[in-house]
Structures are given as C-alpha cells and as structure tokens.
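Undergrad: Fold the following and give me the result.
(one chain, ligands or ions: 1)
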Amino acid sequence: MNKRAFLEGFFTASAVAFGGHFMWKRVNQRDLLITPSAITAAVPELPVRPAPDSFILTPIELESTQPARGIPTPAPVIEVTNNEKIIIEDLSDQQVESYLRKTRNVDAVFASDIYLDLRYESLLLKTAARLGRVESYIGHGNFNLMSFDEMLQSGRDFSYIGAFETDELNFLEEIFFANPNRYGFFGKKISKKITESISRNDVAKIDDTGHYLLKGESLNLYEQIKRDVGAEVILTSGVRSIVKQMHLFLAKTIEANGNLSRASRSLAPPGHSYHGIGDFDIGKIGLGERNFTADFSTTEEYKKIAGLGYVDIRYPTDNLFGVRFEPWHIKIG
Ligand SMILES: [Zn+2]
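TA: Numbers count the residues shown, from 1 in each chain. Got it, this is the predicted structure:
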C-alpha cells in the first residue's frame, strides 16, 4: 500500500461522530469552505484544486505520518459550540492518534486538511495586503487595538490604504463567521460581534514592546511574572483586536498556501483568540522568532515560569483545542 492510500484510509476511518456532528470529516477538496454568494457572483470560473488522485505527497507529509505516542490523561473535556462537548474517552485510540499527529506536527500537511478554494486566492492576497497597509500606516502598536469600524474609516481617510472593497469585506465577514470546527479548530468563539472594540481606557501600554495589556488581572500577572522571573522576560503579544487577529490569520493562511487547517493549528481564527480578552504571550529577550516555538520551553525563564504555581498556559501539550503546544501563551481566567 502506498502512503497516499494509507493516508486516505486513515482519515476516512477517523471520521468521528459526536452529537450528530462530525469531528473530523473527509471533505472533498473541491468543496468550497468559503461560499459567499456575493463573491461567487463576481468571480469567474477558475480551476479548482487538483483532484485527490493527483495529490502529491510532500516530504513534510511523509514526516507527518510518524506516530504520536500516548493519550492525554486525565481525559480532558472541551466545549465546542452550542454547548456540545468532545470527550476524548469516547474516541478510539486511532482517532486520538490522528488528532495528536496534527497538533504535534504543526507545520505538516495532512490529506484531510481543508483549504481555501483557489478561486479566492487573489481576494485573500489583496485583502491581506490592504490590512498590511493599515498596520504600517497607523503603526503596529495602534493596530493591536484597532476595531473593525476604525479599520473601515482608515481606508476611507487615507489614500495610501484605500477604501475596503465590497468583496474584501464579504470575505472578512465569511472568515469571521465561518465555523472553524470544520477545519480542525475546536476553541471557543470568544468574540461574537465583528465590530467589538477594545476601550483605550481599559488597557496599559507596555514600555519597549509596542503591545498593550488589559488593566487588572492581565497587567498584574505580567508584572508579577517579571518580578519573579527577571528582566529577561518580555511581552511578545498582548491584547489583540479582531482586526489584528484577522490580519494574523490571513497572513498565516497565505504562509500555509491556503491550508486553513494548518493555519488554525498555530493561530486561532479571528473571534476565537483569547488575546481578545486578556491572554498574552511572553518570551525571552534576544530569542526572537524562536520565542514562538517549542524552543522557548527549554529556556531558564520558561522553567522558572512553569515552577510558579500561579501561572497557567492556555495551550498545553496535547490540548483539545486543535492547537499546537504554546509554552509562551499565558492564560487568564
Ligand atoms: Zn498567544
């Protein structure tokens, strides 16, 4: 049996029903994930993604077939949507194995991954580019707090940015309102309204970082960690608005060649990020991009943090959000 056939069989076998819904479903890659009628009308027929039988395995996918070991214990429970729950004890070892392989191989590509349809590629690129112009025009710090309405206004006010076009706005709405369970993300929806905003009065700017924290629990916890762990600890991302999360998610989707499943294994889709309500990321000064890899967990700073009884991380190893291990992401509440 070749690897392709193995993967096909594996993922077909790993479709799991719970409460009348599928946790993992083998979806024909011709399916559109995003089907905004307003966009469809304006988009000419373009070639769709290759049929599954012309699918070519990449080296990274071969790696991704390495088995994951162990089942997390004690069995955790997470809420999905509409108060439904996934209980890992209800899954077979093989189903759990399939799930764990994905979050433990965060940059791998899996045969069951869900892609944005190719016909939206140019829309994805131009929308992300406009958001990039907003960010560079108003500055990274301000962009962290920017609301959807402020984003629209910035496009109207500044010709460098240019007004957001109808297809771009429809696209952003579709991304915001899509149910990411379908592509393997099981975290809660945190922000229900696309226009939710963060009040400037509720946040404090953190010196030398360009980031903000919500006053109260988040700010107090960050300051306590700095006191207990030392000056080498730095805030790498604080409170983030829906617009900021949209831009990050679109950029991640581009980096992942349209693979929404792969993008959401390392970044919560907009509306689903706990950064919107107080979570924050910390790193070690000088570690740079490696602060956002498992390398951070090997630093003295992380080891000290892990020893502090009062700090929790949001996405521990083998969590049930469908998200990679994030030792840098501090949980609030
Ligand atoms: Zn984070």
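
Undergrad: near the ion, which residues of the stretch 101-250 of the chain show up?
TA: Contact residues (C-beta under 5 Å from the ion) of the stretch 101-250 of the chain with the ion: there are none. Yep, even glycine has a C-beta here, placed from its N, CA and C like the rest.

Undergrad: switch to 6 Å and redo it
TA: When proximity is defined as C-beta under 6 Å from the ion, the stretch 101-250 of the chain approaches the ion at residue 237.

Undergrad: Now do the helices in the stretch 101-250 of the chain.
TA: 121-138, 140-143, 148-157, 166-177, 217-229, 242-255 (DSSP state H, counting those that start in this stretch).

Undergrad: Mean neighbour count, those: which tops it?
TA: For the helices of the stretch 101-250 of the chain, the largest average neighbour count (mean count of other C-beta atoms under 10 Å) is found in helix 242-255, namely a mean of 22.

Undergrad: ok, back up a step: could I get the helices of the stretch 101-250 of the chain as CSV with mean pLDDT?
TA: Shown next, in CSV, are these (pLDDT from 0 to 100):
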stretch, mean pLDDT
helix 121-138, 95
helix 140-143, 96
helix 148-157, 98
helix 166-177, 92
helix 217-229, 96
helix 242-255, 95
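
Undergrad: quick one, which of those is nearest to residue 110?
TA: Nearest to residue 110, of all the helices of the stretch 101-250 of the chain, is helix 242-255, at 15.8 Å by C-beta to C-beta.

Undergrad: Wait, residue 219 touches residue 204, no?
TA: Yes: with contact defined as C-beta atoms under 8 Å, residue 219 reaches residue 204; the gap is 5.4 Å.

Undergrad: hang on, the earlier thing: save the helices of the stretch 101-250 of the chain as a markdown table, and put in distance to residue 196 too.
TA: Listed next are the helices of the stretch 101-250 of the chain as a markdown table, based on distance: least, C-beta to C-beta, whole Å:
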| stretch | distance to residue 196 |
| --- | --- |
| helix 121-138 | 17 |
| helix 140-143 | 16 |
| helix 148-157 | 8 |
| helix 166-177 | 10 |
| helix 217-229 | 17 |
| helix 242-255 | 6 |
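
Undergrad: Please identify which of those helices is closest to residue 304.
TA: Short answer: helix 217-229, nearest of the helices of the stretch 101-250 of the chain by C-beta to C-beta, at 4.7 Å.

Undergrad: to the chain's geometric centre, what's the distance from that closest one?
TA: Offset of helix 217-229 from its chain centre (C-alpha atoms, centre = their mean, to the nearest Å): 25 Å.

Undergrad: List the residues that contact residue 230.
TA: For residue 230, the contacting residues are 301, 304, by C-beta atoms under 8 Å, 6 or more residues apart in numbering.

Undergrad: how about a cut-off of 7 Å?
TA: By C-beta atoms under 7 Å, 6 or more residues apart in numbering, residue 230 lies in contact with nothing.

Undergrad: Please tell me how far it sits from the ion.
TA: 21 Å (C-beta to the ion, to the nearest Å).

Undergrad: Show the contacting residues for residue 315.
TA: 321, 323-326, 329.

Undergrad: Mind giving me the ChimeraX command for buried ones among those residues?
TA: Remark: buried members of the contacts of residue 315, expressed as a ChimeraX selection using 16 or more other C-beta atoms under 10 Å:
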select :321,323,324,325,326,329
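
Undergrad: Per-residue pLDDT of the residue in the stretch 151-300 of the chain that the ion sits nearest to, please?
TA: With C-beta to the ion as the measure, residue 281 is the residue of the stretch 151-300 of the chain nearest to the ion, at 4.1 Å. On the pLDDT scale, residue 281 is placed at 96.

Undergrad: so what's it closest to, chain neighbours aside?
TA: Nearest-residue entry for residue 281: residue 237, 4.1 Å, with adjacent residues in sequence omitted and distances by C-beta to C-beta, 6 or more residues apart in numbering.
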